[in-house]
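# everything below, folded, please.
(chains A and B)
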Amino acid sequence: EIVLTQSPNTMAASPGEKVTITCRASSSVSYMYWYQQMSDASPKLWIYDTSKLASGVPDRFSGSGSGTSYSLTINTMEAEDAATYYCQQCCSTLTFGSGTKLEIK
Amino acid sequence: EVLLQQSGAELVRPGSSVKISCKASGYTFTDYYMHWVKQRPEQGLVWIGRINPANGNTVYAEKFKSKATLTADKSSNTAYMQLSSLTSEDTATYFCTRPGRFAYWGQGTLVTVSS
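Numbering: from 1, shown residues only, chains lettered A, B, ... in the order given. A predicted model of the protein is given here:
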């Protein structure tokens, strides 16, 4: 069973600041997915196939990585980006990271 | 448009069972596995298991093998999850999801276990 370790657990960023969230897998995976979840809402697919933005996702977001190390980056933080982000290994079974709560300063 | 419409919130007694539903529309129901995910209040996402609606085959996460039972009705394009022997640890929002490159999620069903 693959375990996904996300860091940090929580963070706060100022508008315009660059943000990076990391996700490490316990063994190599081919792709990583990322989800954004707002309070009391369903998770939304944000990045798929490691680096492809889901429909409607602003291009200040990017994803990268390979093997056991992946990351989600926000080039310039905006208030609307405050949310919890989860990495996910997909799709025969699903594994989620523990989540990163991102707040705006 | 793909939609996953889940049943409403449930308040149930400890020790009882509950069955929640997820009605799919906008795609061929039998072409995709349906997965279920648990989220306790202020906690992360935990995978419960999946069902192949075409033949009813299921795979469960180890910790849910005696807790959850997944079924699917091809005639109504609806997936179901029954949770048994409920305790306060089962109080959570449960989501159905069709994951992948074009992922879809239900709106979630809040199950509250309380006497």
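# excluding its backbone neighbours, what's nearest residue A:29?
residue A:89 (5.2 Å; Cβ to Cβ, 6 or more residues apart in numbering or on different chains). C-beta coordinates here come from the backbone N, C-alpha and C atoms, glycine included.
# got the residues of chain A near chain B?
A:33, A:35, A:37, A:42-45, A:48-49, A:52, A:54, A:86, A:88, A:90-99 (Cβ under 8 Å from any Cβ of the partner chain).
# just the buried ones among these, please.
Neighbour-count burial (16 or more other Cβ atoms under 10 Å in any protein chain shown) applied to the residues of chain A next to chain B gives A:33, A:35, A:37, A:42-45, A:48, A:54, A:86, A:88, A:90-91, A:93-99.
# how about the nearest residue to residue A:45, chain neighbours excluded?
For residue A:45, the nearest residue in space outside its immediate sequence neighbours is residue B:103; the separation is 4.1 Å by Cβ to Cβ, 6+ apart.
# next: residue A:94.
Sequence neighbours aside, residue B:47 is the residue nearest to residue A:94 in space, at 4.1 Å (criterion: Cβ to Cβ, 6+ apart).
# ok, the one you found touching residue A:90?
No. The pair residue B:47 / residue A:90 is not scored as a contact, 10.0 Å apart, by Cβ atoms under 8 Å.
# what sits against the residue nearest to residue A:94?
A:93, A:94, A:95, A:96, B:35, B:36, B:37, B:61 (Cβ atoms under 8 Å, 6 or more residues apart in numbering or on different chains).
# now swap in residue B:14 and tell me
So residue B:14 contacts B:86, B:87, B:88, B:113, B:114, B:115 (Cβ under 8 Å, 6+ apart).
# and the residue nearest to residue A:94, what pLDDT?
Looking at residue B:47, its pLDDT is 98.
# now the strands: where do they sit in chain A?
Secondary structure of chain A (DSSP state E): strands at A:4-7, A:10-13, A:19-25, A:33-37, A:44-48, A:52-53, A:61-66, A:69-74, A:83-89, A:95-96, A:100-104.
# let me redo that: chain B
Counting by DSSP E, the strands of chain B are B:3-6, B:10-12, B:18-25, B:34-39, B:45-51, B:58-60, B:68-73, B:78-83, B:92-98, B:104-105, B:109-113.
# can you put those in JSON lines and add distance to residue A:71?
As requested, those are exported to JSON lines (distance: least, Cβ to Cβ, whole Å):
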{"stretch": "strand B:3-6", "distance to residue A:71": "29"}
{"stretch": "strand B:10-12", "distance to residue A:71": "38"}
{"stretch": "strand B:18-25", "distance to residue A:71": "32"}
{"stretch": "strand B:34-39", "distance to residue A:71": "23"}
{"stretch": "strand B:45-51", "distance to residue A:71": "19"}
{"stretch": "strand B:58-60", "distance to residue A:71": "29"}
{"stretch": "strand B:68-73", "distance to residue A:71": "33"}
{"stretch": "strand B:78-83", "distance to residue A:71": "33"}
{"stretch": "strand B:92-98", "distance to residue A:71": "24"}
{"stretch": "strand B:104-105", "distance to residue A:71": "23"}
{"stretch": "strand B:109-113", "distance to residue A:71": "33"}
